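1. Mind folding the following:
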Amino acid sequence: MSANLTALAYLIASVLFIMALRGLSSPESARSGNVYGMIGMAIAVVTTVINPNVVSYEWILGALVIGGGIGAFIARRIAMTDMPELVAAFHSLVGLAAVLVAAAAYYNPGAYGIADADGLLKLASRIEMGIGVVIGAITFSGSIIAFGKLKGLVTGNPITFPGQHALNAAMGAVIVVLVILFTIGPDPQWFWAMAVLAFVLGFLLIIPIGGADMPVIVSMLNSYSGWAAAGIGFTLENTALIITGALVGSSGAILSYIMCKAMNRSFISVLLGGFGGDTVVAGTRSDKPVKAGSADDAAFIMKNASSVIIVPGYGMAVAQAQHSVREMGDMLKQHGVKVTYAIHPVAGRMPGHMNVLLAEANVSYDEVFELEGINSDFSNTDVAFVIGANDVTNPAAHEPGSPIAGMPILDVDRARTCLFVKRSLSPGYAGIDNELFYADSTMMLFADAKKMVEDIVKAL
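-> I've put the predicted structure just below:
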């Protein structure tokens, strides 16, 4: 394929990637966005492979078959509740790929067309390679820790030790020096030293971050993986990889900012592994009495209401209750009740987690509203039905000094009645008690989320 045709194919792929991001910005167009992305990636891969410098199509085909087979198997078997850790695992693979490709290009620069007259790496390639390796290594190890926290293999509580921030800062400074030394003279010891230190720094950056910040971390690592790919794209002088990496990196960064704003966190502190962030405290369970109810009670209250707002959280995802929730909503509508769904930006373990679950259950997009679009409606609502959400509804966010102080929450406490489905009175990820449990207008429904909703459906 000629250089002009290659450039044209990469341009078409890039436009399709942009259309994919545009499509993914809305649930209604998400499916078409996925299709655009897949077509764009297919064009980019085929264009890259049709290259006179390819040594062995057998190795490439074998890798595509093995990798594609594993990906297809995982995609078909993965549960929606495990999607956040799957995303984290895939981010780690992008980071590792960036490091491995950089290593291959470093030891054989001539094959990649990035060698100077002396057969050494060009100066620009050294800079790009150094940055790409560092970001890729941090992405890999950081994503491994994020995967472990989401999967429960690593405690979701922040892991801290004295001098942690100073150590991270010192390691960051050393890595910068190593990148400079590698740029001056591309010695193997500088290459592997900065790669190893970046791997270690990735672990140290993520371990102090608690489970409540996981949505931010998932989107942040997504951004990191994009910048790692873009850095290696510059090294390989591959236009499509540069554009794709930049799109992923910038969109991930914007999403991270949105997540931080939704949690009243500092973007810079999260970006640097929690520097300056609040310490998550251990929760305490209050001895105050609570009003507990049954499925029959909940069905009677909602059937006689004029409006119900359903607030889903991670508990709904764990119980796989989204289909039962949709069935309950449909039955309430048959009784003349207005039913809507309220989504907090960080409900669940991943940005958009609740939206995906509700879409899977065929909940109409017209009934699903984000925090800004529905929060003012709670004061005029008869019933707020909270299923598995905790921190995103905790009125403690309005109290100065609270670990979640200033965090925008769904004002379910303003509804005339709040039905709260939860297994126990245990606190959420932030580790603080929810005073809403003990409010006069709250009825606690202690049970597995799916079983409780199914019983409500039977009662209706």
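2. and residue 68, what element?
-> Remark: residue 68 resides in helix 57-77, with elements defined by DSSP states H and E.
3. Now do residue 75: how many residues are near it, please.
-> By other Cβ atoms under 10 Å, 9 other residues sit near residue 75. No exception for glycine: its C-beta is placed from N, CA and C like everyone else's.
4. quick one: contacts for it?
-> Residues near residue 75 by Cβ atoms under 8 Å, 6 or more residues apart in numbering: none.
5. just use 25 as the starting number from now, easier for me
-> All right, first residue 25 from here; so that's residue 99.
6. Relative to residue 58, how far out is it?
-> Noted for residue 99: a distance of 12 Å to residue 58, by Cβ to Cβ, to the nearest Å.
7. now swap in residue 329 and tell me
-> Residue 329 is 37 Å from residue 58, by Cβ to Cβ.
8. Neighbour count for those two, which is higher?
-> residue 329 (21 against 13).
9. the domain parsing of this structure - what is it?
-> Taking automatic domain parsing as the reference, the chain has its domains at 25-101, 106-304, 319-483.
10. Could I get the average pLDDT for the last one?
-> The predicted model assigns domain 319-483 a mean pLDDT of 89.
11. Check the offset of that domain from the chain's centre.
-> Relative to its chain's centre, domain 319-483 lies at 21 Å (Cα atoms, centre = their mean, to the nearest Å).
12. circling back: what's the following helix or strand after the helix holding residue 92?
-> Downstream of helix 81-101 (by DSSP H and E), the next one is helix 107-131.
13. Give the rounded mean pLDDT of the helix or strand just after that next one.
-> Once the chain leaves helix 107-131, the next helix or strand it forms, by DSSP H and E, is helix 147-175. Mean pLDDT, helix 147-175: 90.
14. Go through helix 147-175 and flag the buried ones.
-> Within helix 147-175, the residues scored as buried using 16 or more other Cβ atoms under 10 Å are 149-174.
15. Three-state assignment for residue 427, please.
-> Assigned with DSSP: H, G, I helix; E, B strand; the rest coil, residue 427 falls in the coil class.
16. Distance of it relative to residue 169?
-> The spacing between residue 427 and residue 169, counted by Cβ to Cβ, is 21 Å.
17. Over to residue 354?
-> 41 Å.
18. got it, and residue 127?
-> Using Cβ to Cβ, residue 127 is found at 23 Å from residue 169.
19. swap in residue 238?
-> Distance from residue 238 to residue 169, by Cβ to Cβ: 11 Å.
20. Repeat that for residue 92.
-> 27 Å.
21. same deal with residue 340?
-> Here residue 340 is placed at a distance of 26 Å from residue 169 (Cβ to Cβ).
22. one step back: kindly calculate the angle that the helix holding residue 92 makes with helix 107-131.
-> For helix 81-101 against helix 107-131, the angle by axes from the mean of the first three to the mean of the last three Cα atoms, to 10 degrees is 170 degrees.
23. Report the mean confidence score over helix 81-101.
-> For helix 81-101, the mean per-residue pLDDT is 91.
24. quick one on the thing from earlier: okay, the domains of the chain in a markdown table with distance to residue 312 next?
-> Formatted as a markdown table, the domains of the chain follow (distance: least, Cβ to Cβ, whole Å):
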| stretch | distance to residue 312 |
| --- | --- |
| domain 25-101 | 39 |
| domain 106-304 | 23 |
| domain 319-483 | 4 |
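25. Kindly check the end-to-end length of stretch 444-457 for me.
-> As for stretch 444-457, its first-to-last residue distance stands at 14 Å under the measure Cα to Cα, to the nearest Å.
26. Make sure residue 338 is actually in contact with residue 374.
-> No - assessed by Cβ atoms under 8 Å, residue 338 is found out of contact with residue 374, at 9.8 Å.
27. Quick check: closest non-adjacent residue to the residue nearest the centre of the chain.
-> Centroid-nearest residue in the chain: residue 242, 3.2 Å away (criterion: Cα atoms, centre = their mean). Ranked by Cβ to Cβ, 6 or more residues apart in numbering and with sequence neighbours excluded, the top spatial neighbour of residue 242 is residue 374, at 5.1 Å.
28. How many neighbouring residues does that neighbour have?
-> Neighbours of residue 374 (other Cβ under 10 Å): 25.
29. All good on my end, thank you.
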